[in-house]
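Quick one: sequence plus predicted model below, questions after.
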Amino acid sequence: MKVCVVGAGAIGTFIGTHLARTGCEVAVLARGATAAALRAHGFRLRQDGAVLQAPVRVAERADALGPQALVVVAVKSPALPGVAEAVGALLGPETMVLPAMNGVPWWFFHGLGGPHEGAPVRAVDPEGRVAASIPVRHVIGCVVHATCSVEEPGLVRHGFGRGLIIGEPSGGVSDRVTALGGRLSTAGFETTVTKRVQADVWYKLWGSARGARRLGPGIAAPAPGRARLRARARIPSLDSCWRPAGAKFLIWSSLMASKFPHPLRVEPGRPPTFSTKHQAYDFLADYQARGATVRPCVRPGAGGWSGFWGWSWPSDRLAA
């Protein structure tokens, strides 16, 4: 199976390494220090106390690789319009595109039905370049439940979680998704094929937002990590952002989430909690090495979100 990874960062290397080690012919689009490291060493993934290595072909231009069977897109959302044309050059008639990315994707409303069926997500694809380069018929929706971080160019550390949820944007279970799920499971991922992947995309976003809003003043998260998140957001306090906006998002997204069938537990007097076993959000992974103790909950869904990361928060309320 010919696979190209676009975005050889943390998640791209994580997925690419395991696919290459189980018989796939994997290539990456990369430049600069990352391309040099991959040419010299191949994929390198620090996992379970060992460094896994796998061969990879490195190219700086998509036209040097030609059509692929699978294209894994693992860039940050703001970078997607810049690589969309390159992804388009990798497509053949039967190519599958697996966007291993966070956030609401450009294809979210395709196949969802209702009055917004097929609506573009302008915040993600403001000029329509992504939709034009990557037709939705090629897309297999994907939600990643794993934490990985880049130690140096070409070397990635796996934290915890191996969950991949995949599904057709149009819903149902197709032969190609079933086959891809089997391939990913063979590569060592805990793969779930879902009939409504938009629900899983939304629940991860909702869960990430619930976790992120707690990293404000007075929260017992490690100081280096808290400062890093504040610096990225360019605001004096994440809490000052989440109080007016985050609370509204959480309430609204909770209502929207109720439209999707999903293993969600609601108990009187308590906020909703997930009963799914995949409970990992990689927005925290990039500073595990800076003093954070990050671990999965022993009994996901049983105790709400407090203590999930191994830290303590002042409350587990839906909105402050």
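Alright, I've got the coordinates.

Give me the below-cutoff pLDDT ranges for the stretch 151-300 of the chain.
Scanning the stretch 151-300 of the chain for pLDDT under 70 picks out 207-300.

Of all the residues in stretch 137-154, which ones are buried?
138-150, 153-154 (16 or more other CB atoms under 10 Å). Where you see a C-beta, it was placed from the backbone N, CA and C, and this is true even at glycine.

what helix or strand does residue 177 sit in?
Secondary structure assignment for residue 177, by DSSP states H and E: helix 175-186.

That helix - contacts with which helices or strands?
Helices and strands in packing contact with helix 175-186 are listed as strand 96-99, strand 163-167, strand 190-193; criterion 3 or more CB pairs under 8 Å, 6 or more residues apart in numbering; DSSP states H and E.

In a markdown table, list those strands along with distance to residue 205.
Listed next are the helices and strands packed on helix 175-186 as a markdown table, based on distance: least, CB to CB, whole Å:
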| stretch | distance to residue 205 |
| --- | --- |
| strand 96-99 | 14 |
| strand 163-167 | 13 |
| strand 190-193 | 17 |
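
quick one: which of those is nearest residue 114?
strand 163-167 (17.8 Å; CB to CB).

angle of that closest one against helix 175-186?
Using axes from the mean of the first three to the mean of the last three CA atoms, to 10 degrees, one finds that strand 163-167 and helix 175-186 are set 170 degrees apart in direction.

could you say what helices and strands strand 163-167 packs with?
Helices and strands touching strand 163-167, by 3+ CB pairs under 8 Å, 6+ apart, are strand 141-145, helix 175-186, strand 190-193, helix 197-212.

do you know which of the ones you listed lies nearest residue 111?
Each of those was scored for nearness to residue 111 using CB to CB, and the closest is helix 197-212 (7.8 Å).

OK, contacts around the closest residue in space to residue 154 that isn't next to it in sequence?
What sits nearest to residue 154 in space, not counting adjacent residues and going by CB to CB, 6 or more residues apart in numbering, is residue 37, at 2.8 Å. Neighbouring residues of residue 37 by CB atoms under 8 Å, 6 or more residues apart in numbering: 44, 152, 153, 154, 155.

Specify the local secondary structure of the nearest residue to residue 51 once chain neighbours are set aside.
Leaving out its chain neighbours, the residue that sits closest to residue 51 by CB to CB, 6+ apart is residue 44, at 5.7 Å. The three-state label for residue 44, taken from DSSP: H, G, I helix; E, B strand; the rest coil, comes out as strand.

can you count the residues close to residue 44?
Residue 44 has 21 neighbouring residues, counting by other CB atoms under 10 Å.
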